[in-house]
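Colleague: turn this into a structure:
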Amino acid sequence: MRTALTIAGSDCSGGAGIQADIKTMTANGVYAMSVITALTAQNTTGVTGIVNIEPDFVKKQMETVFEDIYPDAIKIGMVSSAEIVEAIACEFIKFKAKNIVLDPVMVATSGSKLMESSALKELKGRLFPLARVITPNILEAEVLSGISIKDDKTMLDAAKIIYENHGCAVLLKGGHSINDANDLLYENGKEMWFFGEHINNPNTHGTGCTLSSAIASNLAKGYTLEDSVRKAKDYISGALLAMLDLGKGSGPMNHAFNLGGEYVKESKYEQAYFSI
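Modeller: The predicted structure is shown next:
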């Protein structure tokens, strides 16, 4: 069995962060491991508290994983302090980490800020150059590129700027009124669009975590970056189409939609799972 490691914050409500990553990796057929960078008190309506893990203990978690079950791919999510970023980068170099998928989590779906400005600077300088691909959304890409994104053309402009500045592949996620969930993968002068139909589901808590974890899972299984993105898009579309409705705010997706069982068999969305 191929293995994948998630390095991220804990979401006690289970819809994002470490919990969403482990669910996604398991559903995508890889053995999931975790390094926790922060504890958050959050649910579908917002984040009420964050406690960062000590950087030395983040390093200790990473060492313990890498020395025993070496991960075939790694997903990075919430890293809220510069010291934690530095700790992660040092361990990656030490253990020659591979297939790193970095989701630059700056703000939660609910609008809560999840990253210090000093951490963003370190993230760009220390971790972006080590990543196989980074997966910013429109708002994050505007911060990283310094330009306003209004349409597909400016999406491409932003992706080029980010790639040229940091040397890593960029999967710029659409949406946010730009297009119907069309994502752009850009690397070394090559652009590839992944077209998706807008799914009218208000429950999108953890979509970024889920997509990046699914990409890492497929990289771990030996797929190319392009195929990994395509398979991840299919998976997240199915999870959204399951129309799970939990919580009082922007709820989580059904990460287990494709595991079979009574729920899937009885769902009116069954055909959509396999035809996207």
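Colleague: now the residue lying closest to residue 251 once chain neighbours are set aside, what's its secondary structure?
Modeller: Excluding its sequence neighbours, the residue lying closest to residue 251 (Cβ to Cβ, 6 or more residues apart in numbering) is residue 203, at 3.7 Å. To be clear about C-beta, it is placed using only N, CA and C from the backbone, and glycine gets the same treatment. Here residue 203 is recorded as coil under DSSP: H, G, I helix; E, B strand; the rest coil.
Colleague: buried set for the longest strand seen in the chain?
Modeller: For the chain, the strand with the greatest residue count under DSSP state E is strand 31-43. Buried residues in strand 31-43, counted by 16 or more other Cβ atoms under 10 Å: 31-40, 42-43.
Colleague: report the mean per-residue pLDDT for the very next helix or strand once past that strand.
Modeller: Sequence-wise, the next helix or strand downstream of strand 31-43 (DSSP states H and E) is strand 46-52. The pLDDT scores in strand 46-52 average 93.
Colleague: residues of the helix or strand just after strand 46-52 that come out buried?
Modeller: Counting by DSSP H and E, the next helix or strand C-terminal to strand 46-52 is helix 55-66. Using 16+ other Cβ under 10 Å as the test for burial, helix 55-66 gives 55, 58-59, 61-62, 65-66.
Colleague: with just CA atoms, put helix 55-66 into PDB.
Modeller: Provided in PDB are the C-alpha atoms of helix 55-66 (Å, rounded to 0.1, in the frame of the first residue of the first chain):
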ATOM      1  CA  PRO A  55       7.900  23.700  16.500                       C
ATOM      2  CA  ASP A  56      10.300  21.200  18.100                       C
ATOM      3  CA  PHE A  57       7.300  18.800  18.600                       C
ATOM      4  CA  VAL A  58       6.300  19.300  15.000                       C
ATOM      5  CA  LYS A  59       9.800  18.200  14.100                       C
ATOM      6  CA  LYS A  60       9.600  15.200  16.500                       C
ATOM      7  CA  GLN A  61       6.300  14.100  14.800                       C
ATOM      8  CA  MET A  62       7.900  14.300  11.400                       C
ATOM      9  CA  GLU A  63      11.100  12.400  12.400                       C
ATOM     10  CA  THR A  64       9.000   9.700  13.900                       C
ATOM     11  CA  VAL A  65       7.000   9.200  10.700                       C
ATOM     12  CA  PHE A  66       9.900   9.500   8.200                       C
END
